[in-house]
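# Output the structure for:
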Amino acid sequence: MSAFNLLHLVTKSQPVALRACGLPSGSCRDKKDCKVVFSQEELRKRLTPLQYHVTQEKGTESAFEGEYTHHKAQGIYKCVVCGTPLFKSETKFDSNSGWPSFYDVISPNAITFTDDFSYGMHRIETSCSQCGAHLGHIFDDGPRPTGKRYCTNSASLSFKPVDKNNAGEGSGNTHPAQTGKAEL
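Residues are numbered from 1 along each chain as shown. Now for the predicted structure:
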């Protein structure tokens, strides 16, 4: 499939805000359109080395090793950097890709899409629209109803489980992607 056709399929189903390619993820920290700003020093203190590498340097965790790859609890997956809700557990599916996969986002405004031409191929990078943290990539091989697969690094996510006493609202307990580091 050509790059144009792939981009057309992505933009056809939902609004897309593309950023300039080649900027480090999280680079919106230096732009006026970034809603949440953190210093590199603060992020290095608060995130694990893997979380920092994935979210700030467009890294990728090893396949099948992420905390949320086989996670099945009910709740909300949030950006590990700023806490923005990204995915509901109901949209998570087993793609056998080695990374957590979702077929839809909580809100069309939660994620920003950017052309990614790294490694000699064209993909669409997904980033948190609030802080610019790199999440992963989106592909057109997901299940119905969207046909999308948001292939996401566990290291870019935190999880807020459903509070069974509050009719579907999340509890105050969260679990950072790696132990020993706190999240927002």
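
# tell me the secondary structure for Thr55?
helix (DSSP: H, G, I helix; E, B strand; the rest coil).

# right, and it touches Cys82 too?
No. Applying Cβ atoms under 8 Å, one finds Thr55 not in contact with Cys82, separated by 9.7 Å. C-beta coordinates here come from the backbone N, C-alpha and C atoms, glycine included.

# Identify the contacts common to the two.
Overlap of the contact sets of Thr55 and Cys82 (by Cβ atoms under 8 Å, 6 or more residues apart in numbering) consists of Ala133.

# OK, contacts around Gln130?
Contacts for Gln130 were tallied using Cβ under 8 Å, 6+ apart; they are 34-36, 79, 82, 84, 110.

# For the buried ones among those, write the corresponding PyMOL selection.
Applying 16 or more other Cβ atoms under 10 Å to the contacts of Gln130 leaves a buried subset, and the PyMOL line that selects it is:
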select buried, resi 34+36+79+82+84+110
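
# Let's have the contacts of Gln130 in TSV, adding secondary structure and pLDDT.
Listed next are the contacts of Gln130 as TSV, based on DSSP: H, G, I helix; E, B strand; the rest coil; pLDDT from 0 to 100:
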residue	secondary structure	pLDDT
Cys34	coil	69
Lys35	coil	80
Val36	coil	84
Cys79	strand	98
Cys82	coil	97
Thr84	coil	97
Ala110	coil	96
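
# Which members of the contacts of Gln130 are the farthest-apart pair?
Cys34 and Ala110 (14.5 Å; Cβ to Cβ).

# lowest average confidence, helix or strand, in the protein?
The weakest-scoring helix or strand in the chain, judged by mean pLDDT, DSSP states H and E, is strand 18-19 (a mean of 36).

# next structured bit after that one?
On the C-terminal side of strand 18-19, the nearest following helix or strand under DSSP states H and E is helix 40-46.

# And that following helix, how far out from the chain middle?
For helix 40-46, the separation from the chain centroid amounts to 19 Å (computed by Cα atoms, centre = their mean, to the nearest Å).

# Quick check: which ranges of this protein have low pLDDT?
1-34, 166-184 (pLDDT under 70).

# So which residues of it form helices?
Secondary structure of the chain, counting by DSSP state H: helices at 3-13, 40-46, 49-57.

# which of the residues in the second one are buried?
Which is helix 40-46. Across helix 40-46, burial judged by 16+ other Cβ under 10 Å covers 43, 46.
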